[in-house]
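Enquirer: Have a look; sequence and predicted model below, questions after that.
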Amino acid sequence: MYRIGIIGCGKIAQVRHIPEYIASGKAELAAFYDLNAARAEELAARYHGKAYHSVDELLDSGVDAVSVCTSNATHAEITIKALEKGIPVLCEKPMAVSLAEAEAMTEAAARSGKVLMIGQNQRLNGTHRMARDIIRRGDIGKVLSFRTIFGHGGPETWSIDPGKNTWFFDKSRACMGAMADLGIHKTDLIDFLLDDEVVSVSASVTTLDKKDAEGNLIGVDDNAICIYTMKSGAVGTMTASWTYYGEEDNSTTIYGTDGIMVIYGPSGHSISITLKDGSHIYYDIDRMQTNDAQTSSGVIDEFLLSLDRGWAEISAASVLPAMKAVFGAIESSRTRREVRI
């Protein structure tokens with residue numbers, strides 16, 4: 001039984017981490033910390049743990065591992081501090097808000113020899129794992145191009161403190177908007193599906209519509225539209241948006257020399273393949289998890305497995321190439337030029 005510390009007691013902790021730790025049967029929720037002390041106290045009482053007044057106090061409490069579920073800007077500092085104390089970490093995405101921070105986290109994990117797993121849950125999705133196997137098998141031939149999208153109406157109703165004052169819109173805490181919230185998922189997913197890495201990017205990372213409580217455009221991006229060139233030579237687009245004010249789109253399309261694969265597309269099948277001869281192949285595996293339809297993400301089970309074996313499949317090092325692409329996209333948008341990764 002692992003003694004787990006929860007650092008950051010907001011929505012992601014309450015909806016994903018805590019229920020999945022309990023369901024695992026392998027974890028005891030021993031320690032809680034949040035900037036909102038009352039929130040940490042309430043969760044500690046509910047789950048028979050203890051609330052702490054600082055991150056340092058929690059890290060010195062004897063926990064076996066921690067989940068870092070705080071706002072984006074604090075991920076690196078807390079994660080590195082925990083690793084330096086010899087404590088394994090599951091860190092929510094995005095792993096960091098700068099390339100220097102992401103590299104420092106990766107280096108801290110290597111120095112400590114402890115697990116640092118990043119919560120890129122789309123890699124654990126059964127459909128995505130099947131899609132990767134199909135691509136590896138060569139069923140649609142050589143991958144030439146792709147289109148991957150993650151768009152919904154925004155995080156206003158998702159935050160533990162919902163509304164236009166959500167921390168997601170606060171540049172000092174979030175640093176990035178839709179790109180950090182959604183774009184990192186689909187950038188990492190393309191790397192995962194294709195066993196590839198982005199080597200150059202042209203992007204527009206911008207704010208089109210979202211407004212704060214005063215009616216001003218928010219200080220972070222609500223849309224990111226990127227053209228990625230992969231090491232293999234494949235070229236495709238990645239779109240992340242908080243302004244899809246209808247049905248959520250979390251689809252990916254892969255175009256190969258022998259056919260087209262659509263993942264979570266409008267057909268209703270998990271995977272739809274149309275081959276060059278016009279024939280179709282369908283796979284029905286699962287449904288994509290959404291904010292409104294929560295299912296187990298698999299992240300906590302994977303983290304506990306990582307603790308058992310002493311290494312993480314979704315390690316900081318494995319996520320670093322996607323983070324480089326994200327920061328490259330932001331630089332491309334700022335300079336209005338293609339950026340080599």
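Expert: Perfect, I can see it now.
Enquirer: which residue sits closest to V205, ignoring its sequence neighbours?
Expert: What sits nearest to V205 in space, not counting adjacent residues and going by CB to CB, 6 or more residues apart in numbering, is S333, at 3.9 Å. To be clear about C-beta, it is placed using only N, CA and C from the backbone, and glycine gets the same treatment.
Enquirer: do you know how far the one you found is from G236?
Expert: Distance of S333 to G236, computed by CB to CB, to the nearest Å: 17 Å.
Enquirer: cool, and M130?
Expert: 20 Å.
Enquirer: Which one of the two is surrounded by more residues?
Expert: G236 (22 against 16; other CB atoms under 10 Å).
Enquirer: What number of residues are in the vicinity of I218?
Expert: A count of neighbours around I218, defined by other CB under 10 Å, yields 21.
Enquirer: Also V15?
Expert: V15: 15 neighbours (other CB under 10 Å).
Enquirer: Quick check, pLDDT for it.
Expert: For V15, the pLDDT comes out at 95.
Enquirer: Also S159?
Expert: 74.
Enquirer: got the contact list for the helix or strand of the chain with the lowest mean pLDDT?
Expert: Least confident helix or strand, the chain: helix 171-174 with a mean of 92, by mean pLDDT, DSSP states H and E. With CB atoms under 8 Å, 6 or more residues apart in numbering as the contact definition, helix 171-174 has outside contacts at S71, N72, A73, W167, F168, A180, G219, V220.
Enquirer: Going by distance to G141, which of those residues wins?
Expert: A180 (33.8 Å; CB to CB).
Enquirer: The closest one is in contact with M95, isn't it?
Expert: No: taking contacts as CB atoms under 8 Å, A180 lies outside contact range of M95: 9.9 Å.
Enquirer: Please pick the buried ones from the contacts of helix 171-174.
Expert: S71, N72, A73, W167, F168, A180, V220 (16 or more other CB atoms under 10 Å).
Enquirer: Flag the least confident of those residues.
Expert: Lowest model confidence among the buried ones among the contacts of helix 171-174 falls on W167, which carries 90.
Enquirer: Contact partners for it?
Expert: S71, S159, D161, R173, A174.
Enquirer: In a markdown table: those, plus distance to I78.
Expert: Listed next are the contacts of W167 as a markdown table, based on distance: CB to CB, whole Å:
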| residue | distance to I78 |
| --- | --- |
| S71 | 10 |
| S159 | 19 |
| D161 | 20 |
| R173 | 13 |
| A174 | 16 |
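Enquirer: about what we covered before: report the buried residues of the least confident helix or strand of the chain.
Expert: For helix 171-174, by 16+ other CB under 10 Å, it's R173, A174.
Enquirer: rewinding a little: of all the contacts of helix 171-174, which comes closest to V201?
Expert: The closest of those to V201 turns out to be A180 (CB to CB; 15.5 Å).
Enquirer: before we move on, back to that, only C-alpha atoms, please: export whichever strand or helix holds the residue nearest to V205 in PDB.
Expert: Per DSSP states H and E, S333 falls inside helix 316-335. What follows is helix 316-335, C-alpha atoms only, in PDB (Å, rounded to 0.1, in the frame of the first residue of the first chain):
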ATOM      1  CA  ALA A 316       9.300  13.100 -18.500                       C
ATOM      2  CA  ALA A 317      12.000  12.200 -21.000                       C
ATOM      3  CA  SER A 318       9.400  10.600 -23.300                       C
ATOM      4  CA  VAL A 319       7.200  13.700 -23.100                       C
ATOM      5  CA  LEU A 320      10.000  16.200 -23.600                       C
ATOM      6  CA  PRO A 321       9.900  16.000 -27.500                       C
ATOM      7  CA  ALA A 322       6.300  17.000 -27.500                       C
ATOM      8  CA  MET A 323       7.000  19.900 -25.000                       C
ATOM      9  CA  LYS A 324       9.700  21.100 -27.400                       C
ATOM     10  CA  ALA A 325       7.100  21.200 -30.200                       C
ATOM     11  CA  VAL A 326       4.700  23.100 -28.000                       C
ATOM     12  CA  PHE A 327       7.200  25.800 -27.200                       C
ATOM     13  CA  GLY A 328       8.400  25.800 -30.800                       C
ATOM     14  CA  ALA A 329       4.800  26.500 -31.800                       C
ATOM     15  CA  ILE A 330       4.500  29.400 -29.400                       C
ATOM     16  CA  GLU A 331       7.800  30.800 -30.700                       C
ATOM     17  CA  SER A 332       6.600  30.400 -34.300                       C
ATOM     18  CA  SER A 333       3.400  32.300 -33.600                       C
ATOM     19  CA  ARG A 334       5.400  35.100 -31.900                       C
ATOM     20  CA  THR A 335       7.900  35.500 -34.700                       C
END
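Enquirer: quick one: strands adjacent to the following helix or strand past it?
Expert: Moving toward the C-terminus from helix 316-335, the next helix or strand (DSSP H and E) is strand 339-340. According to DSSP bridges, strand 339-340 has the following sheet partners: strand 198-206 (antiparallel).
Enquirer: Show the pLDDT at the spatially closest residue to E101 that is not a sequence neighbour.
Expert: Among residues not flanking E101 along the chain, A76 sits closest, at 3.7 Å (CB to CB, 6+ apart). Predicted confidence (pLDDT) for A76: 98.
Enquirer: again with S296
Expert: S296 is assigned 75 on the pLDDT scale.
Enquirer: Tell me how many other residues surround the nearest residue to it once chain neighbours are set aside.
Expert: Ranked by CB to CB, 6+ apart and with sequence neighbours excluded, the top spatial neighbour of S296 is E20, at 6.0 Å. Close neighbours of E20, defined as other CB under 10 Å, add up to 20.
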